[in-house]
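Enquirer: return atomic coordinates for the entry below.
(2 chains)
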Number of protein chains: 2
Amino acid sequence: MAAAPVWSVDPRTGKPREQVADEATAEEVDRAVRRAYAVRSALADRTVRAAFLRAAADLLDATSEHAIEAADAETALGPVRLTGELARTSAQLRAFAEVVDEGAFLDIRIDHADPKRTPPWPDMRRWKVSLGVVAVYAASNFPFAFSVPGGDTASALAAGCPVVVKAHPDHPATSEICASVLRRAAAQVGLPEDVLILVHGFEAGVELVKHPLISAAGFTGSVRGGRALFDAAAARPAPIPFHGELGSLNPVVITEAAAAERSEQIGAGLAGSMTLGEGQFCTKPGFVLAPVGDAGDRLLTALTTAVSETEPGVMLDHRMRDAFVGGVEERAALPGVDAPITPGAGGEHTVSAGFLTLPAELLTSAGEHDLLLEECFGPVTVVARYTSSEEITSVLSRLPGNLTATLHLADSEADGSKPGAAELLAELTPLAGRVLVNGWPTGVAVAPAQQHGGPYPATTSTSTSVGATAIERWLRPVSYQSTPAALLPPELRDENALGLPRRVDDRREG
Amino acid sequence: MAAAPVWSVDPRTGKPREQVADEATAEEVDRAVRRAYAVRSALADRTVRAAFLRAAADLLDATSEHAIEAADAETALGPVRLTGELARTSAQLRAFAEVVDEGAFLDIRIDHADPKRTPPWPDMRRWKVSLGVVAVYAASNFPFAFSVPGGDTASALAAGCPVVVKAHPDHPATSEICASVLRRAAAQVGLPEDVLILVHGFEAGVELVKHPLISAAGFTGSVRGGRALFDAAAARPAPIPFHGELGSLNPVVITEAAAAERSEQIGAGLAGSMTLGEGQFCTKPGFVLAPVGDAGDRLLTALTTAVSETEPGVMLDHRMRDAFVGGVEERAALPGVDAPITPGAGGEHTVSAGFLTLPAELLTSAGEHDLLLEECFGPVTVVARYTSSEEITSVLSRLPGNLTATLHLADSEADGSKPGAAELLAELTPLAGRVLVNGWPTGVAVAPAQQHGGPYPATTSTSTSVGATAIERWLRPVSYQSTPAALLPPELRDENALGLPRRVDDRREG
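Expert: So this is what the prediction gives:
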């Protein structure tokens, strides 16, 4: 059987640009994993790992012109956005180098022997070690930041795990450029290039998660694709952790007082956030609870004005475009649903933004309107108009898990003097990994306190894929009991020559 | 349909003692979970949680005579062992109260807004919140420490999660006593009793893991039972974390020099560890690599002497006894396997300890001898005699994951001056969560640096079920972005009035 070709396609025209590679066969996936596994001990040295991440960042920056040109041609995301995304991606690689240097992620705990305990404690020294080879499934919508050189790869390499990346078919040429950058960076610091290997193809992705030498997986994509891979990971003879980001509605609640205070600002802000990048953000605000009445009406007017000023845009590929057009049509056809601005097909290759409205009451019990509580990828949001706080509570209790949940409050509600705001915050917290007040969820800071992950289907685990703690996904703890100092790694010896942060006999050190 | 009765059975006679309860129907499981869910916010206050855990410890101690009498009658583990186990269990409840007080498990990270970043950082504050109602599946072999009041329950309550425990059928009366202790302790500190609910029955356990309001599960038991529940947890519409401890061989490697130096001490130590509690420890050393030749022979002689001095004993139930007798027979019948002391049926209700030997070479490739690499619950171990370090490496590479891995070294090898010892330690580390030198794996200190969990099938996750970090299983992170201070919990406000350990702008505080 001939190998299936992998084409780079221009979403602005739907035309193939170039053949980039072939899809990997099962044998090729097996070879890739074995090659990555064979070099796993090369990543044991944390100093080399940090140098590698910094070299990768520098090389990515140095290759930015070429990489951004390819990414724009394949994704239509535009050079401005892609320039920012690439800078964010190299900054993220450097941030993980700092995490590696600092060493807090090793979570070192030392309990010296205590013969006075009943039963006596032996000497115990615990830290975290790399899980092994990690499979990364790249996302479509961030060809750098959630793709080959993105957060999953950076955090896995930081943890000392070799990575086999399954490229997203929407940007195979960009993926090849980035994989080449990472492999050259490895060689620059004296590491084997096979600490990062790229494979293409849907079937290759399925083979990858089943491979016995794969120890964990990271995924960003759709509920359907992600769930299939999650199920395969769980069904293995030896199941592995599967950290998947699958889908999120990102609800927004706007209080009556907030709408009264800032209807135009909120309406315009919502338009900006939901249309950003053609609504192709996993944190797009896809569902809004806004009050009925004058203030809410003014907010929708502002939203209408701002959305009507947006130009039709190109989505990442034509399959997504068709899914968006179909998804919007199906939703708009539901009884009680209005479309003040009809989203849908813009031109032959484009889509136009819009939004739907309905009475929140239609969502307080199960029925056909539940479709509106599923993510629709693209520039559309659903505004449900509520008449009471009971209606808000009732609708929120029916939402699936989310990456984010947003609350818009008036100034007079932000001081905690009235119970309503605190209650709403308490209702939103179980729904999401990140709760925002008076902001918009698009835009995810690569900060230590970031949590980009939430209850299923937002994430298939309790982890984050952005921020310093993303490294925790690729580690497991090991304790050494009564082990002679000479045989321990320096990190676990009494003298702490490396000055690492540790807990020793339950006191913090370093 | 009449409810199925739950009987307490005396394993020393095989006779029923008393009917303790009825198995829970699906409706009763549903009611139990809903009751626990309804009181979840009662556990939000950490001061009350800590007081609850201490009250439970005190009440368990105060009830010890009654509880130990029931446990001995149901498990035949004997009052001495059970007295120690109960003390360990109440100490564990108090240790988790200290974890709650200290608050490091909240993993608080605060990043103040930084407008100079590109893109600017908003104010972000992250901590960990309770997952929700936890299902705990109690183990047979520790009627206190890994059962109703054990580590899974204690750590889940410490995390703020109500618990529904599925009792182990081998000690239902003890389970009822302990559940009553925990519920009374809750009432003592003003908490609703339903923060802990006990259910009985195999089907009830299956219903429990499928219930939509169950957020996570902890399990200690067999590979078969644990895998079935793991699969059910993964197959849910919204999958949940399943922290299961399923089975472990606990390999031991004895170097030639160690055998030469301490053959009698190691032989006797092995006998003591493998027969402890009738070999019914999840950390029983079930597989030993010992050298061929004189030193190894002397070691086996010492093992033979020590094992032959043990009396027949009673296992936890007759089903386990039959499985042990059958499992040993099947293993002993394999070609090349000898039984210097034949383990098996001791009397009508008892078993006698023994061990099997074979050339390690028979285990270097897949075949019928792989049965010897599966755990056999009860007082038996398998000693594989190796002829070279290559044979050790080859056999170790074929082992499944383990809770523990043990290395016995001579004094001359412990100083790191020869490469062999360090290499062996490096080969054992990927196999287990706890690596010991010159000790025995039975006995698990409830210490912060403990790791009781290892690669599958030892554990279905990367977590530990013993020690301070066991609390991490029942939490998920939430970040608050740009949230007014008045609406934040006190733990996340700038002033740190509670003096909690935190990372603020990436510096440690408190």
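
Enquirer: regarding whichever residue of the stretch 251-400 of chain A sits closest to chain B, what is its secondary structure?
Expert: As assessed by Cβ to the nearest Cβ, chain B sits closest to A:Pro400 within the stretch 251-400 of chain A, at 7.6 Å. No exception for glycine: its C-beta is placed from N, CA and C like everyone else's. What DSSP: H, G, I helix; E, B strand; the rest coil gives for A:Pro400 is coil.

Enquirer: ramachandran coordinates for the residue nearest to A:Ala445 when sequence neighbours are not counted?
Expert: Residue nearest to A:Ala445 in three dimensions, not counting chain neighbours: B:Trp121, with 4.6 Å by Cβ to Cβ, 6 or more residues apart in numbering or on different chains. The phi/psi pair for B:Trp121 (degrees, to the nearest 10) reads phi -90, psi 130.

Enquirer: A:Pro448 is in contact with B:Trp121, correct?
Expert: No. Using Cβ atoms under 8 Å, B:Trp121 makes no contact with A:Pro448, being 10.1 Å away.

Enquirer: past the longest helix anywhere in chain A, which element shows up next along the chain?
Expert: In terms of residue count, the longest helix belonging to chain A (DSSP state H) is helix A:79-102. Following helix A:79-102 in sequence order, the next helix or strand is strand A:108-111 (DSSP states H and E).

Enquirer: coming back round to it: what is in contact with B:Trp121 and A:Pro448 at once?
Expert: B:Asp111 (Cβ atoms under 8 Å, 6 or more residues apart in numbering or on different chains).

Enquirer: helices of the stretch 101-250 of chain A, start to end?
Expert: Here the stretch 101-250 of chain A has its helices, by DSSP state H, counting those that start in this stretch, at A:151-158, A:172-188, A:202-210, A:223-235.

Enquirer: what about the shortest one, near chain B?
Expert: Translated: helix A:151-158. No. Figure legend: helix A:151-158 not in contact with chain B (Cβ under 8 Å from any Cβ of the partner chain); closest approach 14.1 Å.

Enquirer: return the distance of that helix from the chain's centre.
Expert: 12 Å (Cα atoms, centre = their mean, to the nearest Å).

Enquirer: what about A:Ala50, helix or strand, and which?
Expert: Assigning secondary structure by DSSP H and E places A:Ala50 in helix A:46-62.

Enquirer: and A:Ala302, by the same measure?
Expert: Per DSSP H and E, A:Ala302 falls inside helix A:294-308.

Enquirer: the next helix or strand after that helix pairs with which strands, and in what direction?
Expert: Of the helices and strands lying after helix A:294-308 in sequence (DSSP H and E), the nearest is strand A:313-314. Strand A:313-314 sits in its sheet next to strand A:350-352 (antiparallel), going by DSSP bridges.

Enquirer: helices and strands around the very next helix or strand once past the strand it pairs with, which ones?
Expert: As assigned by DSSP H and E, the chain's next helix or strand after strand A:350-352 is strand A:354-359. For strand A:354-359, the elements it packs on are helix A:294-308, helix A:318-332, strand A:338-341, strand A:380-386, judged by 3 or more Cβ pairs under 8 Å, 6 or more residues apart in numbering or on different chains; DSSP states H and E.

Enquirer: quick check: mean pLDDT across the third one?
Expert: In other words, strand A:338-341. Mean pLDDT, strand A:338-341: 96.

Enquirer: what of stretch A:152-170?
Expert: Averaged across stretch A:152-170, the pLDDT comes to 98.

Enquirer: can I get that stretch in PDB, CA atoms only?
Expert: C-alpha atoms of stretch A:152-170 as PDB (Å, rounded to 0.1, in the frame of the first residue of the first chain):
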ATOM      1  CA  ASP A 152       2.500  20.200  26.300                       C
ATOM      2  CA  THR A 153       5.800  19.600  24.500                       C
ATOM      3  CA  ALA A 154       7.600  22.300  26.600                       C
ATOM      4  CA  SER A 155       6.300  20.900  29.900                       C
ATOM      5  CA  ALA A 156       7.000  17.300  29.000                       C
ATOM      6  CA  LEU A 157      10.600  18.100  28.000                       C
ATOM      7  CA  ALA A 158      11.000  20.100  31.100                       C
ATOM      8  CA  ALA A 159       9.900  17.100  33.100                       C
ATOM      9  CA  GLY A 160      12.600  15.000  31.300                       C
ATOM     10  CA  CYS A 161      10.300  13.100  29.000                       C
ATOM     11  CA  PRO A 162      11.000  12.600  25.300                       C
ATOM     12  CA  VAL A 163       8.100  13.600  23.200                       C
ATOM     13  CA  VAL A 164       6.500  12.100  20.100                       C
ATOM     14  CA  VAL A 165       4.200  14.800  18.600                       C
ATOM     15  CA  LYS A 166       1.200  13.900  16.300                       C
ATOM     16  CA  ALA A 167       1.000  16.900  14.000                       C
ATOM     17  CA  HIS A 168      -2.400  18.600  13.400                       C
ATOM     18  CA  PRO A 169      -3.400  18.200   9.800                       C
ATOM     19  CA  ASP A 170      -4.200  21.900   9.500                       C
END
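
Enquirer: contacts only, for A:Arg49.
Expert: Applying Cβ under 8 Å, 6+ apart, we find A:Arg49 in contact with A:Leu43, A:Ala97, A:Val100, A:Leu157, A:Ala158, A:Gly160.

Enquirer: ok, of the residues you listed, which one's closest to chain B?
Expert: A:Gly160 (12.6 Å).

Enquirer: find the nearest non-adjacent residue to the closest one, please.
Expert: A:Ser130 (3.7 Å).

Enquirer: looks like the one you found contacts A:Leu475 (just checking).
Expert: Yes. At 6.5 Å, A:Ser130 and A:Leu475 qualify as touching, with contact defined as Cβ under 8 Å.

Enquirer: can you work out which residues contact both of the two?
Expert: A:Ala159.

Enquirer: sorry, back to before: give me the number of residues near the residue of the stretch 251-400 of chain A closest to chain B?
Expert: Neighbour count of A:Pro400, defined by other Cβ atoms under 10 Å in any protein chain shown: 22.

Enquirer: give me whichever of the helices and strands packed on strand A:354-359 is most buried.
Expert: Greatest average neighbour count among the helices and strands packed on strand A:354-359 goes to strand A:380-386 (a mean of 24), per mean count of other Cβ atoms under 10 Å in any protein chain shown.

Enquirer: now for it, which elements pack on it?
Expert: Secondary-structure packing of strand A:380-386 (3+ Cβ pairs under 8 Å, 6+ apart): helix A:256-275, strand A:287-291, helix A:294-308, helix A:318-332, strand A:354-359, helix A:389-396.
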